[in-house]
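**Student:** Prediction below, plus the sequence it came from.
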Amino acid sequence: MSHYRSKIDRRTALKWLSAAAATTLAAPKMVRAATYVKTPKGYGTDPDMLNPTSPWDRIMTDRQLQTTAAMTDVILPEDAPHPSPSQIGVPDFINEWVSSPYEQTKEDQKVILAGLDWMEAEAMKRFGKSYADADEGEQVALMTEISASASAQNDFFLRFRKLTLGGYYTTPVGFKDIGYIGNVPLEHYPGPTEEMKAMLEAKMQAIGI
């Protein structure tokens, strides 16, 4: 796998995080960060999502980011004309999500970062190489195993898959994929089409998750 490099800037990532937090990724109400958001001058309040800045640091190590990129592409592999998650910056979104200081995201932070480190260590033990450098079959096999287990790794996998899908389908590419047409008045919301639900289910089954 080629080395993943960040594809979206902080301003875009923060807008993306805000959009995702307003969807099914978030709890009914995102707990505000109150006064504990890290800023260059100390601790401030939540970022202004209309004029986003970068009030906290991204905390993933490069190795964790590479593992994230590889895992997102196993969950949603490229299927022309649909790009893979790593091609549109989903790993940056996940990094932003686990780096943010909200109660919900801080819980995800602990599980996701520990899970990424476990995946890396397990890949090194089994394959003698990092997860990102493992063969596609090796990557799929390890992820399939944790998806079917009753362990902390399974909790990690479920959270990670939710972030991958939630991130992907709040991008312009993802909106187009599910037929979202933007802020247009509708008499009712029809939800995802049966065709789209069947396609997603088929993709999950194809890789055993």
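**Tutor:** Received the coordinates, thanks.
**Student:** next helix or strand past the longest helix along the chain?
**Tutor:** In the chain, with assignment by DSSP state H, the single longest helix is helix 103-127. Following the chain from helix 103-127 toward its C-terminal end, the next helix or strand by DSSP states H and E is helix 136-147.
**Student:** helices or strands next to the helix or strand immediately after that following helix in the chain in the packing?
**Tutor:** On the C-terminal side of helix 136-147, the closest following helix or strand by DSSP H and E is helix 152-168. Using 3 or more CB pairs under 8 Å, 6 or more residues apart in numbering; DSSP states H and E as the contact definition, the elements that helix 152-168 packs against are helix 10-21, helix 62-75, helix 90-99, helix 103-127, helix 136-147. Quick note: C-beta positions are derived from backbone N, CA and C, even for glycine.
**Student:** doesn't Glu136 make contact with Tyr127?
**Tutor:** Tyr isn't right for residue 127; it's Phe. No: no contact is recorded between Phe127 and Glu136 when judged using CB atoms under 8 Å, the distance being 11.9 Å.
**Student:** which intervals of this structure have sub-threshold pLDDT?
**Tutor:** For the chain, the stretches with pLDDT under 70 are 1-2, 16, 20-55, 171-193, 196-197, 203-204, 206-209.
**Student:** For Ala198, which of the helices and strands packed on helix 152-168 is the nearest?
**Tutor:** Among the helices and strands packed on helix 152-168, the nearest to Ala198 by CB to CB is helix 62-75 (17.3 Å).
**Student:** Compute the inter-axis angle for that closest one and helix 90-99.
**Tutor:** Angle of helix 62-75 versus helix 90-99, following axes from the mean of the first three to the mean of the last three CA atoms, to 10 degrees, is 120 degrees.
**Student:** Buried residues of helix 62-75, list them for me.
**Tutor:** Using 16 or more other CB atoms under 10 Å as the test for burial, helix 62-75 gives Gln64, Leu65, Gln66, Thr67, Thr68, Ala69, Ala70, Met71, Thr72, Asp73, Val74, Ile75.
**Student:** For the fifth one, which residues are in contact?
**Tutor:** Thr68 makes contacts with Tyr4, Met60, Pro91, Ile94, Asn95, Leu116, as judged by CB atoms under 8 Å, 6 or more residues apart in numbering.
**Student:** So the second one sits against Asn95, correct?
**Tutor:** Right, the one you point to is Met60. Yes: counting by CB under 8 Å, Met60 sits close enough to Asn95 to count as a contact (4.5 Å).
**Student:** For His82, grab phi and psi.
**Tutor:** The phi and psi torsions at His82 (degrees, to the nearest 10) take the values phi -90, psi 120.
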